[in-house]
Structures are given as structure tokens and as C-alpha cells.
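>>> below is the sequence, then the predicted model.
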Amino acid sequence: MTHRNAPLSVEGRRRLVARCQHRSIAHVAAEMGISRQCASKWVNRWRRHGELGLLDRSSTPHHQPRATPAGVVSRIERLRRDNKWSARRIAFELDGDGTAIAVRTVTRQLAHLGLHRRRFLDPTGENNRTPRPIVARWPGHMVHVDVKKVGRIPDGGGWRVHGAGSEQAKLAARAKKRGARAGYVYLHSVVDGYSRLAYTEALDDEKAETAIRFMHRARAFLAAHGITHIHRIVTDNGSCYRAHDFAKVLRGARHQRIRPYTPRHNGKVERYQRILAEEFLYARAWTSDLQRSQALQVWNIHYNYHRPHTAAGNRPPVIRLHAGVTNVMASYT
């Protein structure tokens, strides 16, 4: 790839060579605004290698005294393909055989080989492990909790109402430069993994105290719909959920924090927040935060009682909740 300051592209080098067939290199170089040395370099490369000589060469040095030996790279590839070991395990095995190598070096070599991802080991996927599905077996078995941060809306509406080039947008840009930001609203949400029953509140922050109070109100909401016992509460690793006082809202439930940087483990509430953004937050233009907060209460009712959900057989979540409660009670009788 030609760097941004290169005086000639590949096509420019072809034109340079064509002009130099019948004219002197010095005149052509002056005409094209480059040095004679640069013109001579490309003409000589063309004479030696033809069209391939006009392409950019790799910047890799010709001599690398500290490069990983080819035999070690071959062993890394063999251990990865045969045993599907991690970079740390491979480094440990090589160190045990007398080849001291850093874990970072093994990781870099696996990336060069195209084997740094588990799914790259077998392109057909025949031998790859499939992730175990996360299934909620009854209402309250798994309750997913998360927070979504959205921008505040100034009174009268923001740029979505008045346009990107409006006076309101310019005032907001000036205030942003001065450091007077509008701030954010934090949408705390809880979703029952079995029925997809959801509850969302717009709050001012995501502190532990705020999350705890929200969970008390969410428990009351779930209890009003028949979910009186929660077996597991699933959250990410946010600071509000790692707080010691957050354990007070568990009340017998197991607190499960997902693996860092793996939001799919909390996928039900993540998918709900996408629906919330597409069908509520950005489905229309809001004129104030108060208007959006009031409409959020209507959205809770619409989502739970009227909106069809594919996981519930194209029925509202509350329908599956009542059916689930009936099935669970029948299993105990």
C-alpha cells in the first residue's frame, strides 16, 4: 500500500517509465516534480523486474537476528492445530522442552499464522466446540440486568427535531466546546430470561445506590406478575454491580457476573436494549427528557402486554409468563 506522502502511485510509475523510453530521466523527473534519484530507482526496478518492480516492497528487514526460529514457529503451529492449546499453554510446553519463549511471542506468531481464533483451526467447523446455550427453565430462573446510557434532550428538542444545521444545534456545539455538556440519562433495565418480561426506568446515574433502589422496584414489578422468587441475577462487571451493598438485593438469589468483554452472556437484556433503541428511543423525535420519561412508562406496558415477541411464539411476554407459571405449578401437583 502506497504511503500518503508518496510522490508517485503505481500508475504514476508506469507513466514515468513510459516517458523515460524516449527522453532523459532528468527531464522527466523535473517535469513530474520528483528527484532524479527517485525516477532512476523506478526505471531501474522496471528494467530488472518488469511490472512487478513498480509495486511497493515490504518494509520487513532482510536480516532479523532476533526473529523466532522457523523450527519453533513450526512447533507452535503443530501444538495449536493438534491440541488446540492456548498461547500460554504452548509457551509452558515449549519452556518445559528447553525453549524459553514469551507468551506474547506465541500470541503474535499465532496471529501471523492465522490461528489466533478458535474458529480458525477448522474452517468447516466440524471439530469446533459449540457454545452451550443459556436457557431459562422457569420464570425467575435467570433475571438479566443492565444499564444503557443515552444523551439528555434539551427543552424544545435537539438537533433531531430542528436539524443538524439549526441554531439549536449550533448552540449545543458551542456549549460542548465550553465543557457544558448536556449529560446523560441512564436506562436501567431488567429482563426475565424465561418470559422476556421487561422493566425499564430512566435514572440520573449508574451508581451502586441507584442500582440497588432500582432492583428493589424491579423485584416488586416482577412479584406483581407472579415472579416472587429469583434464582439467579445476571449482570455485567459494572462498578455498580460489583459494589458490596449490591448483595443486599439478592435475597437468596445467586449473583452471576458475565465474563469480561463478553456481552453475549447477557444477551437477552442486550437484545432488549437494541429493541428499545430501535422501536422507542430513536423511533421518533422527542422534545424533552420529561416527554421521553413519561413515554417510557407507556413503552413498558406496550412491550409486555401488546408487542409480539418471537421467543414467546409471536405473543406478548406476559402471555408466556402466565403459561410458564401454570406449567411450573402443574409439575408440583
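Received, thanks. For clarity, every value in this text was computed on a predicted model and none was experimentally measured. Residues are numbered from 1 along each chain as shown.
>>> where exactly do the helices run in the stretch 1-150 of the chain?
Secondary structure of the stretch 1-150 of the chain, counting by DSSP state H, counting those that start in this stretch: helices at 10-19, 25-32, 36-49, 70-83, 87-96, 103-113.
>>> my bad, the stretch 201-333 of the chain
Taking DSSP H, counting those that start in this stretch as the criterion, the stretch 201-333 of the chain contains helices spanning 208-224, 239-242, 267-276, 289-305, 317-332.
>>> in JSON lines, list the ones you listed along with distance to residue 99 and mean neighbour count.
From N, CA and C alone the C-beta is placed, and that goes for glycine too. Converted to JSON lines, those look like this (distance: least, CB to CB, whole Å; neighbours: other CB atoms under 10 Å):
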{"stretch": "helix 208-224", "distance to residue 99": "48", "mean neighbour count": "17"}
{"stretch": "helix 239-242", "distance to residue 99": "40", "mean neighbour count": "17"}
{"stretch": "helix 267-276", "distance to residue 99": "41", "mean neighbour count": "18"}
{"stretch": "helix 289-305", "distance to residue 99": "58", "mean neighbour count": "16"}
{"stretch": "helix 317-332", "distance to residue 99": "57", "mean neighbour count": "15"}
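>>> thinking again about what came up before, do you know which of the helices of the stretch 1-150 of the chain lies nearest residue 122?
helix 70-83 (9.1 Å; CB to CB).
>>> who's in contact with the closest one?
Contact with helix 70-83 is made by 85, 89-90, 93-94, 99, 101, 106, 109-110, 113, 115, 121, as judged by CB atoms under 8 Å, 6 or more residues apart in numbering.
>>> with neighbour count added, can I get the residues you listed in CSV?
Shown next, in CSV, are the contacts of helix 70-83 (neighbours: other CB atoms under 10 Å):
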residue, neighbour count
85, 16
89, 15
90, 23
93, 15
94, 18
99, 15
101, 19
106, 26
109, 20
110, 20
113, 15
115, 17
121, 15
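>>> and the two most separated of those?
Within these, 99 and 121 form the most distant pair, 22.2 Å apart (CB to CB).
>>> and this structure, what are its domain boundaries?
Per automatic domain parsing, the domain ranges recorded for the chain read 10-54, 70-120, 143-332.
>>> would you single out the least confident of those domains?
Between the domains of the chain, the lowest average pLDDT goes to domain 143-332, which shows a mean of 83.
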